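>>> Got a predicted structure here, sequence first:
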Amino acid sequence: MIDAPDFSFAALSPLLLVLGAACIGVLVEAFAPRDVRHPVQVGLALTGTVGAFVATLLLAGTREVTAGGALAVDGPTLFLQATIAGLGALSILLFAERSLDPARSAFVVSAAVPAGSPRDRELVTTQRVQTEVYPLALFAIGGMLLFVAANDLLVMFVALEVLSLPLYLISGMARRRRLLSQEAAVKYFLLGAFASAFFLYGLALVYGATGSVRLRDIREAVTAESGGVLMVLGLGLLVVGLLFKASVAPFHSWTPDVYQGAPTPVTAFMAACTKVAAFGAILRLLYVAFGAAEWTWRPLIYAAAIISMIVGAVLGLTQTDLKRMLAYSSVAHAGFLLTGVIGFGAGGDGSGLAATMFYLVTYGLTTLGAFAVLTLVRDGDGEAGHLSQWAGLGARSPLTAAVMSLFLLALAGIPLTAGFTGKFAVFRAAIEQGAWPLAVVALLASAVAAFFYLRVIVLMYFSDPVADGPTVGVPGLPTTIVLAVTATATLALGILPGAVLDLAGRAAIFVG
Amino acid sequence: MTVLLLFHFGAGLVAPLLVRWWGRQAFLALALVPAAGLGWALSRLPTALDGGEVRERFPWVTALELEVVLRLDALALVFAALVTGVGALVLVYCSRYVEPGDEDTGRLAGQLTAFAGAMLGLVLADDVFLLYVFWELTTVFSYLLIGGSGAKVAGRRAAGQALILTTAGGLAMLVGLIMLAQASGSTLLSEIVADPGSGAMVVTGTVLVLLGALTKSAMVPFHFWLPAAMQAPTPVSAYLHAAAMVKAGIYLVARLAPGLADVPGWRAVVLGVGVTTMLVGGYRALRQHDLKLLLAFGTVSQLGFVLTLVGAGSAAVGAAGLAMVLAHGLFKSTLFLSVGVIDHATGTRDMRELSGMGRRLPVVTAAAVLASASMAGLPPFIGFVGKEAAFTALWDGALPDRTAATVVLVGIVVGSVFTVAYTARFLWGAFARKPGLPDTAPADLEHEPGPLFLTAPVVLALVGLAGGLAASSLDPLVAAYAETLPQLLPEPEHLALWHGLTPALGLSALTLAAGVALFLARAPVQRLQRRVAVPASADTGYWNVLQGLDRTAVVVTGTTQRGSLPVYLGVILVTVLALPGGLLLARGSWPAEWRLWDNPLQAVTGALVLVAAVLAVRIHQRLAAAVVVGLTGYGLAVLFVLHGAPDLALTQVLIETVTLVAFVLVLRKLPLEIGGHAGPRVRWSRGAVAAGVGVFMGLASAVALAAREARPVSAEYSELAEEAHGKNIVNVTLVDIRAWDTFGELSVVLVAATGVASLVFLRGRAGAVAQAEPEERQRAPRGRRAPRRDWLAASSTLAPRRRSLVLEVVTRLLFHAILVLSVFLLFAGHNAPGGGFAGGLVAGLALVLRYLAGGRYELGAAAPVDPGVLLGLGLLLAGGTGVVGLALGAEVLETAYFEATVPVLGHVTLVTALFFDIGVYLVVVGLVLDVLRSLGAELDRQEEEGEDEDPAEAEVIAR
């Protein structure tokens, strides 16, 4: 006889909203006539994500463990869920953009048609749009919301899969340069499968060592016997799985290829939301379950942070493709975020959690905005991602160049942008915990990384436009909203970040 | 103060608009902004003279403890006055320097005004982070100002260089500031200076802060960016590179010296670098022909001098330093502006082309001469006052170490000699009439400088003169700062024009004489300089570093990020091996006893599996590789049998077979050989990684098993199976104990099958497998039965060369037997090996056989049903069992048990779980059929109808 666990449906409402919308989306796909699907799906997806966002705001202050102890709804959960839902809604808007591509969508009509086949060529010019991406994206968002709330390793694994599988799929759905996109999807899937396998293996070992998959029970077991080799081994494998998702070096190798190949709105979505979700899970796992065994993972995270920052910054230097460059930037930022993770401190008394969460918000918004700008600059073959094509953009389209510059400055961490505040917060947290060598490396890496961000700005403003350069598309309403929101937020969080920082600070208590 | 800063930035924002409305006259309006700042600063003079301060403080980001704290004391006032005063004059100068209708005027105006604001903020900021913010802002603005319109490559290069160096320095400084703040427990500069704390943290922090200051103020070895930055328009050079930005480092050193001068390393760094810079800059200034470059190296030299003075950490020397800051700001901007006038008028700055300018531009010449006199240290200019004070203080030994004082004194005397020499050279080069060179003709003058154009240099030069004459009234202000420094001399010194006949005066005279001599001997000196030219310069070092970084990045990218999946995976696996693997080796608790095998057959099987694994790495053909991989699975099945688990073994064998079939169906579409030509080294390393991971996993399993403490879950299973009236534990587990799980699995299988099929079927997939149309099987009679002359129903539709008579016969003979077997397995499964899953797989294999023997139409004849229907039916049945059970009042999926004796069959037991198992059976058959239909039949069809073309060649190349 199994007793049904208690569910606090109110506390789970963000999750239920998004997953519910996803399920309805599947039904819409099956039953609604083709020509109404797009508006219905977009409306549905926005209702789900915005609804979830509002729900998390209404839930603020909730601290409970529900679903038989498998889910924790606490400050960090709600803060990160709000972040994911908000960024998810913005990503959906990017998905829904129809005025940039002459074919009205960034997604392939029928992903199963072999690239380059006659049927494929037939479909390239059709005005039909594919709407399956919306339920898929919703499932991914749902998985992410679950991921940051998971208080149980098994649920965490399920969430990991729920968020990953749709991502693998929609990475392969680019309308243009399809082979590149499919290659990206396959790579992401294969490597992701390995990462999931490691996670699962680690889960099994931890279960074997501690006798439970509940984070709270694991913590008690770890505190009681300070963990044997089995536990440490398991933890190591769990961390490998999570670091992969967060694209931390040396598990980052998929990032550039996938970021480049995937449709740009999807890249934006992955870069912003997946990172938030992955770090949410990392923080919860490390501090709720293994906080007492800090000595085991601290050196690991320390090293991963340094490698990630260096790899991201140095390899980013040579990139000539903007999407790849932003991918390496994402790797470097993962390192900066780990700096914040270190800054959480052994007893959880540091400001690292709040700092990391704030950083995630700023990074998510900025990077989403940067990718949104990327969708605007196009040539005959889709987006013009090569650096040389961006030369002299400042003269041709001052506004686009200015917005892009803002995002790049923020990514570089120049004061008065959101990026600076975020970096400052995590570095400060790390230094407070005595990790100042890490902060020094982080600063050096920032300097190197700043170089390649600024190079783009220089190129846009100080170079002569290329003769047959790309055109700058006029964004439709969705992209305009995204750009407005992200740019405003990037500035606002740089100049007056107080409110959000306070919010993060107040939310930064785990319930175990 | 805040209002003042906002005023600057606001003005910077509207400047382009003003320029659009009013043209270049807008500069005059903008000049009022820094002028207001100057007025305000001077109005606070009394407070500062009393040693007081003006403070403003309000929170910015409370959560991060970021505050806006501004503070004006004597030191800040001196710098603020310099920054705003020179700023205002430079803006006035700009109003005539720029051409009317120049496109970039608006930008220049905005950036200059905003820069003035940033600079003012820098000297007023008391919070370290605020200081850093302004510091970086000046960097960014200077970058924009040096880069100008970006039209010139050299300008961009110089701008980039300055940006990189000063940003890097700025970051180092930030780290240092953070460390200092940590050590002293406060983020306010005033409090850090008052109580810096102690320890390694302070020393490291200090060195890092100094690093920032040294890069910003262009000290050796970072001095090279300053001459390169002379690409900027002249007013920018005059402002940034003489009066303002390069003074930021000096300011910081002056600000911190009262508190940190006694930190170990401070004096060594500051004095060493300062004196070296003074000498290097002065020496190189003697070689320049470009007037601006000459001044730039002169600036480097003077900055070194000033740094030495303000950083010495001694009241008397510091006072001299502050005076020199003022002096240098005044005379150097005058000189730059004068060069601007000459450049503007003649279009050249090369002293080898200029001749007789002194007569043509008398006002400029006068201003430049006044400023030069100040630079050379001639009385009664402020330059003389400052230098004199420095000589006096050092002569009196105003350093903790007497020897150091002497060394520094010698250094700056030599440096001053250079200064005098290059000053003379400058004056001669710019204005003198040179033999052998015709006077610059009147026609060569493009512009006659107007009065407004000349205001700035003249005013600045006159202030320099006035400052010298009124040296004693300057003294209280300088003293207000110097009081904060350690008083190392028995009694304080005062700034004055005339101290009497002192040794310092003698030194001044000596420098003048030696300098003039050096100038007069310029021809031999230059020859000497050319001969001892140093091949390596800091500049080339910088570019080498940058290039090296670039090259490293390219190499690393090339080796690690090639888009190769094996490499990516390899990196991840190696990391796993290194970290958890290392841990396992280091700390693993191994099983107490290693038993190699229970039964020699296990060893044989193990060896076979190993061989298969090695072969899998070595074989190049896809199909063969798949088969070999399958072999490892069969080996596992054998091991199961040897362990006494025939049911598991059966399942394993069947799964392995079906997987192999799926593999074959897919792989036949791919090229025969595994692509890519990996060299032996690559293959060996891949093999090593693979073997390593395999060994790691095996060892980890061993350790995990050895570490088991809890009772295994499976211990209860035989009991539970008993309860469910079954003896086959595997089957009972599937259909009863963990029936919920199985139900979930069934749904997944269904979804997966549907997914695979819909990927292959591009258009409508509903319906059964296609059967042959009558005309396609001409010889085939109607009806389901196989024709007499053929062994199979539709094998005649195959091309003759693809037919195999043997296979057809065998299939004909075996098909039905296999189906019966599958049904037997289904029913017997509850107690004997078998079950719905195994039965379904066997039935599926029967279909596979038919398909292989007879082609796609044969499949249609063998199973004329829609796999979707099978899948749905199976799921319905499985789910229905649960629902019916629930309706009858039992638990969901609980097993009921009936027993009866039936005629013919005898004693029969019926477990309701059987219906669930039938559901499983149907789903599995449906799955296999779906796979066959999509990966087999549909692909065949597409191939026959030529739909499946390769991607267009162009696209392949484009990748």
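All right, it came through fine.
>>> neighbours of B:Phe640, just the number please.
If you count neighbours by other CB atoms under 10 Å in any protein chain shown, B:Phe640 ends up with 18. C-beta here means a position set from N, CA and C on the backbone, and glycine is covered the same way.
>>> Quick check: B:Ala371 vs chain A, distance?
Remark: distance between B:Ala371 and chain A (CB to the nearest CB, to the nearest Å) = 33 Å.
>>> Who are the packing partners of the helix or strand that contains that residue?
Here B:Ala371 sits within helix B:362-376, counting by DSSP states H and E. For helix B:362-376, the packing partners by 3 or more CB pairs under 8 Å, 6 or more residues apart in numbering or on different chains; DSSP states H and E come out as helix B:315-346, helix B:357-360, helix B:382-395, helix B:402-431, helix B:451-469.
>>> just the angle between it and helix B:402-431, please?
170 degrees (axes from the mean of the first three to the mean of the last three CA atoms, to 10 degrees).
>>> Let's have the helices and strands packed on helix B:362-376 in JSON lines, adding mean pLDDT.
Formatted as JSON lines, those follow (pLDDT from 0 to 100):
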{"stretch": "helix B:315-346", "mean pLDDT": "89"}
{"stretch": "helix B:357-360", "mean pLDDT": "80"}
{"stretch": "helix B:382-395", "mean pLDDT": "88"}
{"stretch": "helix B:402-431", "mean pLDDT": "90"}
{"stretch": "helix B:451-469", "mean pLDDT": "86"}
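>>> Up against chain A, what does the stretch 101-250 of chain B have?
When proximity is defined by CB under 8 Å from any CB of the partner chain, the stretch 101-250 of chain B lies next to chain A at B:129, B:132-133, B:136-137, B:140, B:147, B:149-150, B:156, B:160, B:163-164, B:167-168, B:171-172, B:174-175, B:178-179, B:182.
>>> Report the residue ranges of every domain in chain B.
Domain assignment for chain B by automatic domain parsing gives B:271-551, B:600-674, B:726-949.
>>> Tell me which of the ones you listed sits nearest to A:Arg455.
Minimum separation from A:Arg455 across these (CB to CB) falls at domain B:271-551, 11.3 Å.
>>> mind checking how far the closest one is from the chain centre?
Distance, stretch centre to chain centre, for domain B:271-551: 42 Å (CA atoms, centre = their mean, to the nearest Å).
>>> so B:Trp60 is in which element?
Counting by DSSP H and E, B:Trp60 is part of strand B:54-61.
>>> Following the chain onward from that strand, which element is next?
Per DSSP H and E, the first helix or strand lying C-terminal to strand B:54-61 is strand B:66-72.
>>> contacts for that next one?
A:424, B:1-2, B:5, B:41, B:44, B:47-48, B:53-60, B:80, B:121, B:124-127, B:129-130, B:187-190 (CB atoms under 8 Å, 6 or more residues apart in numbering or on different chains).
>>> tell me the angle that strand makes with strand B:54-61.
170 degrees.
>>> helices or strands up against the helix or strand just after strand B:66-72?
Counting by DSSP H and E, the next helix or strand C-terminal to strand B:66-72 is helix B:74-97. When contacts are defined as 3+ CB pairs under 8 Å, 6+ apart, helix B:74-97 sits against helix B:26-43, helix B:45-49, helix B:105-124, helix B:234-238, helix B:247-260, helix B:315-346, helix B:451-469, helix B:471-482.
>>> Could you point out the helix or strand that follows the third one?
It refers to helix B:105-124. helix B:128-147.
>>> Also compute the angle for that next one relative to strand B:54-61, please.
Using the same axes, to 10 degrees: helix B:128-147 against strand B:54-61 is 90 degrees.
>>> buried set for the helix or strand following helix B:128-147?
As assigned by DSSP H and E, the chain's next helix or strand after helix B:128-147 is helix B:153-184. Going by neighbour count (16 or more other CB atoms under 10 Å in any protein chain shown), the buried part of helix B:153-184 is B:155-156, B:158-184.
>>> Let's see the helix holding B:Ala371 as PDB, backbone CA atoms only.
Taking C-alpha atoms only, helix B:362-376 is exported to PDB below (Å, rounded to 0.1, in the frame of the first residue of the first chain):
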ATOM      1  CA  PRO B 362      54.800  85.600 -31.500                       C
ATOM      2  CA  VAL B 363      52.100  85.100 -29.000                       C
ATOM      3  CA  VAL B 364      52.300  81.400 -29.100                       C
ATOM      4  CA  THR B 365      56.000  81.600 -28.900                       C
ATOM      5  CA  ALA B 366      55.800  83.800 -25.800                       C
ATOM      6  CA  ALA B 367      53.500  81.400 -24.100                       C
ATOM      7  CA  ALA B 368      55.600  78.400 -25.000                       C
ATOM      8  CA  VAL B 369      58.700  80.100 -23.800                       C
ATOM      9  CA  LEU B 370      57.100  80.900 -20.500                       C
ATOM     10  CA  ALA B 371      56.000  77.300 -20.100                       C
ATOM     11  CA  SER B 372      59.300  75.900 -21.100                       C
ATOM     12  CA  ALA B 373      61.100  78.100 -18.600                       C
ATOM     13  CA  SER B 374      58.800  76.600 -16.000                       C
ATOM     14  CA  MET B 375      59.600  73.100 -17.200                       C
ATOM     15  CA  ALA B 376      63.300  73.700 -17.200                       C
END
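>>> Tell me who's in contact with the residue in the stretch 251-400 of chain A that chain B sits nearest to.
Scanning the stretch 251-400 of chain A for the residue nearest chain B gives A:Ser253, at 3.7 Å (criterion: CB to the nearest CB). Counting by CB under 8 Å, 6+ apart, A:Ser253 makes contact with A:Leu191, B:Thr560, B:Gln561, B:Val567, B:Tyr568, B:Val571, B:Ile572.
>>> Those residues of the stretch 1-150 of chain A touching chain B, which are they?
Residues of the stretch 1-150 of chain A lying near chain B by CB under 8 Å from any CB: A:Met1, A:Ser110, A:Ala112, A:Val113, A:Pro114, A:Ala115, A:Gly116, A:Ser117, A:Pro118, A:Arg119, A:Arg121.
>>> Tell me if I am right that the third one is in a helix.
No. A:Ala112 is assigned coil when assessed by DSSP: H, G, I helix; E, B strand; the rest coil, not a helix.
>>> Now it: phi and psi?
The phi/psi pair for A:Ala112 (degrees, to the nearest 10) reads phi -90, psi -10.
>>> And for the second one?
Comment: the main-chain dihedrals of A:Ser110 come out as phi -130, psi 110, following degrees, to the nearest 10.
>>> In terms of helices and strands, where is the most centrally placed residue in chain B?
Residue closest to the average C-alpha location in chain B (CA atoms, centre = their mean): B:Ala553, at 12.2 Å. B:Ala553 belongs to helix B:538-560 when assigned by DSSP H and E.
>>> for that helix, packing partners?
Using 3+ CB pairs under 8 Å, 6+ apart, helix B:538-560 is in contact with helix A:294-317, helix B:153-184.
>>> hmm, the shortest one touching chain B?
Yes. On the criterion CB under 8 Å from any CB, helix A:294-317 is in touch with chain B at A:Leu300, A:Val314, A:Leu315, A:Leu317.
>>> Next, the contact list for the spatially closest residue to B:Gly117 that is not a sequence neighbour, please.
In this structure, B:Gly117 finds its nearest non-sequential neighbour in B:His8, 2.6 Å apart by CB to CB, 6 or more residues apart in numbering or on different chains. Counting by CB under 8 Å, 6+ apart, B:His8 touches B:Val33, B:Pro34, B:Gly37, B:Thr113, B:Ala114, B:Ala116, B:Gly117, B:Ala118, B:Leu120.
>>> Show me the shaky parts of the stretch 301-450 of chain A.
Where the stretch 301-450 of chain A drops to pLDDT under 70, the residues are A:346-348.
>>> before we move on, back to that, the residue nearest to the centre of chain B reaches A:Thr320, doesn't it?
No. Counting by CB atoms under 8 Å, B:Ala553 stays clear of A:Thr320, with 11.7 Å between them.
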